[in-house]
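A.B. asks: Fold the following for me, if possible:
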Amino acid sequence: MATIREIAERAGVSKATVSNVLNGRHERVSPETLERVLRSVRDEGYKPGAAVVRGKQRLVRNLGIVMLNLNRSPILGNGYFASVLDGIIGTAAFRHWSTTLYFAAGWQEVHRELRELCDGRVDGMIVVAETADRPISDALFQRGTPFVLVSSGSDLPSIPTVDVDNRAGLRLAVRHLVELGHRRIGHASGGTKSRSARERTEGFLSAVGEAGLDSGHCPVFEGGFLFQNGREAGRQILEMEPKLRPTAVTCANDVVASGVMSVCYEQGVIVPEEMSIVGFDDTTPTEPTPVPLTTIHHPIHAIATHATQSLLDFLEGQSAEIPSRIFPPSLVVRATTSYARPTKP
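C.D. replies: Got it, this is the predicted structure:
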């Protein structure tokens with residue numbers, strides 16, 4: 001593993017400059033130098049913090065949990081976040097660790113917030129559903145704070161991630177609909193800020209190609225993970241000419257699927273006879289569906305539990321690293337999908 005000295009030599013700077021970058025003191029470094037040091041850190045695969053935490057620093061036995069976008073998505077009413085928290089807090093408590101929950105949605109300056117947060121208050125962090133506009137993982141990596149990503153991901157292989165195979169999940173959904181005879185399938189996307197949403201869209205497009213479907217008849221409706229995003233996607237779908245609009249739709253999550261379904265029922269489109277719908281997550285949506293939802297099972301609790309165990313094993317010195325792991329999804333067929341009706345001439 002590379003040392004700070006090797007990073008400094010590669011970047012052509014002093015060890016003090018590398019230290020400033022890794023500890024978030026970016027105001028002391030020019031933008032050009034910052035970019036050069038970070039590039040060297042990534043190229044060398046530098047993993048800071050392990051020796052300090054495991055060898056010299058006394059543990060406070062407290063984990064930080066960072067959740068994003070909670071100003072727009074209530075935590076207690078969201079089945080996904082509730083299951084994640086249950087897995088993390090329950091696992092930590094069993095091993096006699098405490099947890100502190102932080103809402104990162106309002107953070108204006110990630111590095112400044114983390115300097116306060118990581119100043120002896122926590123031994124490690126679990127970052128849940130990181131988005132592109134809140135790069136918490138980059139800041140933690142630079143500080144040398146041990147952490148693991150849940151339902152997120154990084155382009156750096158050295159950053160540990162525990163997630164579901166999002167692409168495989170959408171492939172399962174599309175294949176199920178194709179087997180039912182659907183040839184016009186839409187996708188209500190979770191947008192572009194979330195890596196999970198992007199991967200699910202990629203899985204959808206890949207499955208459409210594998211099935212030999214006309215991509216022009218399989219539109220993607222950009223949105224987000226909220227109920228109103230699903231409603232907007234549903235309105236866009238039903239505004240299309242009946243001969244052109246999808247006969248089925250895959251959704252970024254179960255909440256979005258609920259939104260799509262609500263619009264269908266308001267406009268007299270019967271689910272699943274006239275519109276088949278597939279969700280993702282297999283949680284209980286905030287807005288209950290009138291028909292049990294066909295969905296992709298996302299082992300959320302198992303993912304959160306595994307991520308917590310792996311981080312604690314590392315912090316307690318039982319493992320030399322925090323391994324990444326991708327869990328397989330599965331299809332759960334309920335009552336919102338059925339055979340496609342013959343196309344009317």
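A.B. asks: Run through who's touching stretch 336-345.
C.D. replies: Identification of contacts with stretch 336-345 by CB atoms under 8 Å, 6 or more residues apart in numbering yields 176-177, 180-183, 243, 247-248, 257, 261, 271-274, 276-279, 289, 291-294. Every residue, glycine included, has its C-beta placed from N, CA and C.
A.B. asks: quick one: that stretch to chain centroid distance?
C.D. replies: How far stretch 336-345 lies from its chain's middle: 33 Å, per CA atoms, centre = their mean, to the nearest Å.
A.B. asks: circling back to that earlier point, from the contacts of stretch 336-345, which land in strands?
C.D. replies: The strands in this structure, assigned by DSSP state E, contain Ala248, Ser276, Ile277, Val278, Gly279, Thr294 from these.
A.B. asks: now those in a markdown table, with neighbour count?
C.D. replies: Below are the ones in strands among the contacts of stretch 336-345 laid out as a markdown table (neighbours: other CB atoms under 10 Å):
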| residue | neighbour count |
| --- | --- |
| Ala248 | 27 |
| Ser276 | 24 |
| Ile277 | 27 |
| Val278 | 30 |
| Gly279 | 31 |
| Thr294 | 24 |
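A.B. asks: The residues you listed: which two are farthest apart?
C.D. replies: The distance between the two most remote of these (CB to CB) is 12.3 Å, for Ala248 and Gly279.
A.B. asks: which of the contacts of stretch 336-345 count as buried?
C.D. replies: 176-177, 180, 182-183, 247-248, 257, 261, 271-272, 276-279, 289, 293-294 (16 or more other CB atoms under 10 Å).
A.B. asks: What is the burial count for Glu222?
C.D. replies: If you count neighbours by other CB atoms under 10 Å, Glu222 ends up with 17.
A.B. asks: how close does the closest residue in space to it that isn't next to it in sequence sit to Gly153?
C.D. replies: Computed as CB to CB, 6 or more residues apart in numbering, the closest residue to Glu222 that is not its neighbour in sequence is Ser189, at 5.1 Å. Between Ser189 and Gly153 the distance is 17 Å, computed by CB to CB, to the nearest Å.
A.B. asks: the more surrounded of the two?
C.D. replies: For Ser189 versus Gly153, neighbours defined as other CB under 10 Å are more numerous around Ser189 (24 against 20).
A.B. asks: where does that one land on pLDDT?
C.D. replies: Here the pLDDT value assigned to Ser189 is 97.
A.B. asks: so who does it touch?
C.D. replies: Neighbour list for Ser189: Ala197, Arg200, Thr201, Val220, Phe221, Glu222, Gly223, Ala252 [criterion: CB under 8 Å, 6+ apart].
A.B. asks: what do you get for Ser196?
C.D. replies: Ala129, Ser151, Ser152, Gly153, Asp163, Asn166, Gly190.
A.B. asks: One more: Arg245?
C.D. replies: Arg245 sits in contact with Arg184, Gly186, Ile237, Leu238, where contact means CB under 8 Å, 6+ apart.
A.B. asks: cool, and Arg235?
C.D. replies: Residues counted as contacts of Arg235 (CB under 8 Å, 6+ apart) are Val263.
A.B. asks: Would you mind measuring from Ala340 to Ile7?
C.D. replies: With CB to CB as the criterion, Ala340 and Ile7 are 57 Å apart.
A.B. asks: between these two, which one's more packed in?
C.D. replies: Ile7 (24 against 19).
A.B. asks: where's the more buried one relative to Val29, distance?
C.D. replies: Here Ile7 is placed at a distance of 13 Å from Val29 (CB to CB).
A.B. asks: what touches both of these two?
C.D. replies: Taking CB under 8 Å, 6+ apart as the contact rule, Ile7 and Val29 both touch Val37.
A.B. asks: Glu199 reaches Arg167, doesn't it?
C.D. replies: Yes - under the criterion of CB atoms under 8 Å, Glu199 makes contact with Arg167 at 5.3 Å.
A.B. asks: This structure: helices as residue ranges?
C.D. replies: Along the chain, counting by DSSP state H, helices occupy 4-11, 15-22, 31-44, 50-51, 79-94, 110-117, 136-143, 166-179, 195-210, 227-238, 254-266, 300-315.
A.B. asks: and these, which one is worst for confidence?
C.D. replies: helix 50-51 (a mean of 37).
A.B. asks: got a list of what Asp254 touches?
C.D. replies: Applying CB under 8 Å, 6+ apart, we find Asp254 in contact with Gly79, Gly279, Phe280, Asp281, Asp282, Thr283, Thr284, Pro285, Leu293, Thr295.
A.B. asks: from these, which would you call buried?
C.D. replies: Neighbour-count burial (16+ other CB under 10 Å) applied to these gives Gly79, Gly279, Phe280, Asp281, Asp282, Thr283, Pro285, Leu293, Thr295.
A.B. asks: Any chance of those residues in a markdown table with distance to Arg231 as columns?
C.D. replies: Putting the buried ones among the contacts of Asp254 into a markdown table (distance: CB to CB, whole Å) gives the following:
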| residue | distance to Arg231 |
| --- | --- |
| Gly79 | 18 |
| Gly279 | 14 |
| Phe280 | 17 |
| Asp281 | 18 |
| Asp282 | 21 |
| Thr283 | 18 |
| Pro285 | 13 |
| Leu293 | 16 |
| Thr295 | 18 |
